[in-house]
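K.L.:
predicted coordinates and the sequence they were generated for:
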Amino acid sequence: MAAPRSCVLWSYCVRRWSRLMRTGGPQWLHSSLPGGSLGVRLLSREKQATETHFGFETVSEEEKGGKVYQVFESVAKKYDVMNDMMSLGIHRIWKDMLLWKMNPLPGTQLLDVAGGTGDIAFRFLNYVQAQHQRKQKRQLRAQQNLSWEEIAKKYQNEEDLLGGSRVMICDINREMLKVGKKKALDQGHKAGLAWVLGDAEELPFDDHKFDVYTIAFGIRNVTHIDQALQEAHRVLKPGGRFLCLEFSKVNNPLISRLYDLYSFQVIPVLGEVIAGDWKSYQYLVESIRKFPSQEEFKEMIEDAGFQKVTYESLTSGIVAIHSGFKL
Ligand SMILES: COc1cc(O)cc(C/C=C(\C)CC/C=C(\C)CC/C=C(\C)CC/C=C(\C)CC/C=C(\C)CC/C=C(\C)CC/C=C(\C)CC/C=C(\C)CC/C=C(\C)CCC=C(C)C)c1O
Ligand SMILES: C[S@@+](CC[C@H](N)C(=O)[O-])C[C@H]1O[C@@H](n2cnc3c(N)ncnc32)[C@H](O)[C@@H]1O
């Protein structure tokens, strides 16, 4: 049965109002306050500067960054094994799906923010290398009179193996990057990647630098998500793509109940047994519940200036991939 028109109108008004409030209030309010729009900006900054959440705990904004840092400093060494244990390997499929969605073109310059131990970056390198090798093979087969030196050269130039694609991994946590760098050596990734210590809210890069921006399981931990989204928009080239893999809202009531049971009864126990750290994994499950739904997050991405914003829910909405373009 269709919803009555008054309900539709009411829900539209509520959505418009909450969106306005998130973006600093209506325009008329800016000029009626002392100091005009600066007044509002200062007021909203002051308001923002008071409180936020760290999982289910209420903390000041200044505190949150430090607490998140401690969590990832503490879990870094066990991070990868914990992900396999908690998700029975399913996180690998989600990350593969992010790459399939990206389907990078030859020469893509990727920025992977909150890149941690490099899972997205290594998948990107494997993907572009496989893609480039297939292309090179096709070209070599098509050329009849090549010497073996010419053929060998094509295979030996490591930089060329990636067809000009590169990935920059940016993360705020030294320990996560340290584990990632070691993993890169172990997996034989040398060319085409660089590691940078940096904050998603204040990226250490010039404007219009990257073709694709990814953030996987990272944005949930950032204090000012709107600021991180604006930074993503700033560093992308016109035509560039934003892709985010993050926990989301489960859309099936039965799965939701089981998932809640699993999250609150099993995950912290796994955290304690495997990583000796109950609290960090309690933070993980609580922070998941605090993160906006698929639709709310879509609106936040649009508010940062992205166009053609879409999302795909995976595993009944346990996670979602959001995509947007800087046009
Ligand atoms: C500190 O911050 C972080 C730290 C990190 O290490 C990582 C992250 C970022 C996170 C990731 C990259 C991924 C992390 C993965 C998850 C949080 C888990 C995602 C969950 C799933 C894919 C599975 C979802 C589970 C369900 C839909 C419910 C099914 C659950 C059950 C049948 C068990 C229900 C539980 C109870 C009744 C409680 C009592 C049970 C026991 C004591 C037995 C223990 C049972 C198990 C170990 C079974 C585990 C089962 C599964 C994993 C189910 C998988 C199967 C399917 C989805 C089909 C970070 O930010
Ligand atoms: C759950 S891990 C995700 C790592 C990786 N992207 C993956 O998918 O496995 C979250 C990462 O976000 C990083 N992080 C948290 N706040 C950040 C911020 N403000 N700027 C950059 N990275 C941040 C943490 O240090 C951590 O490495």
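P.N.:
Cool, got the structure. Ligands and ions are numbered 1, 2, ... in the order given.

K.L.:
ok, now which ones touch whichever residue of the stretch 101-250 of the chain sits closest to ligand 2?
P.N.:
Ligand 2 sits closest to residue 116 of the stretch 101-250 of the chain, with a gap of 2.7 Å, by CB to the nearest ligand atom. Glycine gets a C-beta too; all of them are placed from N, C-alpha and C. By CB atoms under 8 Å, 6 or more residues apart in numbering, the residues touching residue 116 are 72, 79, 171, 173, 176, 177, 179, 180, 217, 218.

K.L.:
gap between residue 104 and residue 65?
P.N.:
31 Å (CB to CB, to the nearest Å).

K.L.:
what does the residue of the stretch 101-250 of the chain closest to ligand 2 show for phi and psi?
P.N.:
Taking degrees, to the nearest 10, you get phi 50, psi -120 for the backbone angles of residue 116.

K.L.:
measure it to ligand 1 for me?
P.N.:
9 Å (CB to the nearest ligand atom, to the nearest Å).

K.L.:
one more: residue 90?
P.N.:
Residue 90 is 4 Å from ligand 1, by CB to the nearest ligand atom.

K.L.:
state the pLDDT value of the residue lying closest to that residue once chain neighbours are set aside.
P.N.:
Once flanking residues are discounted, residue 90 sits nearest to residue 315: 6.6 Å by CB to CB, 6 or more residues apart in numbering. On the pLDDT scale, residue 315 is placed at 97.

K.L.:
please apply the same query to residue 49.
P.N.:
Value listed for residue 49 in the pLDDT field: 56.

K.L.:
burial check on the residue nearest to residue 90, number of neighbours?
P.N.:
Neighbours of residue 315 under the rule other CB atoms under 10 Å: 15.

K.L.:
help me confirm that it comes into contact with residue 94.
P.N.:
Yes: between residue 315 and residue 94 there is a contact at 7.5 Å, judged by CB atoms under 8 Å.

K.L.:
now the helices for the stretch 1-150 of the chain?
P.N.:
5-22, 27-32, 36-48, 61-75, 79-87, 90-102, 119-142, 148-156 (DSSP state H, counting those that start in this stretch).

K.L.:
residue contacts, residue 71?
P.N.:
Contacts of residue 71 by CB under 8 Å, 6+ apart are 221, 279, 280, 283.

K.L.:
rerun at 7 Å
P.N.:
280, 283 (CB atoms under 7 Å, 6 or more residues apart in numbering).

K.L.:
and residue 96, by the same measure?
P.N.:
By CB under 7 Å, 6+ apart, the neighbours of residue 96 are residue 123.

K.L.:
ok, now how distant is it from residue 133?
P.N.:
18 Å.

K.L.:
got the residues of the stretch 101-250 of the chain near ligand 1?
P.N.:
residue 217 (CB under 6 Å from any ligand atom).

K.L.:
circling back: quickly, which of the helices of the stretch 1-150 of the chain bottoms out on average pLDDT?
P.N.:
Sorting the helices of the stretch 1-150 of the chain by mean pLDDT places helix 27-32 lowest, at a mean of 35.

K.L.:
nearest residue to the spatially most central residue of the chain other than its sequence neighbours?
P.N.:
Nearest to the mean C-alpha position of the chain, by CA atoms, centre = their mean, lies residue 215 at 1.8 Å. Leaving aside its chain neighbours, residue 215 sits nearest to residue 113 (4.6 Å; criterion: CB to CB, 6+ apart).

K.L.:
pLDDT value on the closest residue to residue 192 other than its chain neighbours, please?
P.N.:
Counting by CB to CB, 6+ apart, residue 162 is the residue found nearest to residue 192 once chain neighbours are left out, at 4.5 Å. pLDDT for residue 162: 89.

K.L.:
how much space between residue 162 and ligand 1?
P.N.:
Counting by CB to the nearest ligand atom - residue 162 and ligand 1 are separated by 25 Å.

K.L.:
how much space between residue 254 and residue 260?
P.N.:
Distance from residue 254 to residue 260, by CB to CB: 11 Å.

K.L.:
between these two, point out the one with more neighbours.
P.N.:
Higher neighbour count among residue 254 and residue 260: residue 260, with 13 against 9, using other CB under 10 Å.

K.L.:
for the strand or helix carrying that one, what is the average pLDDT?
P.N.:
Residue 260 belongs to helix 253-261 when assigned by DSSP states H and E. The average pLDDT within helix 253-261 is 98.

K.L.:
how about it: buried residues?
P.N.:
Under the neighbour-count criterion of 16 or more other CB atoms under 10 Å, helix 253-261 has residue 259 buried.

K.L.:
now the helix or strand following it against helix 61-75, angle please.
P.N.:
Sequence-wise, the next helix or strand downstream of helix 253-261 (DSSP H and E) is helix 267-275. Angle of helix 267-275 versus helix 61-75, following axes from the mean of the first three to the mean of the last three CA atoms, to 10 degrees, is 50 degrees.
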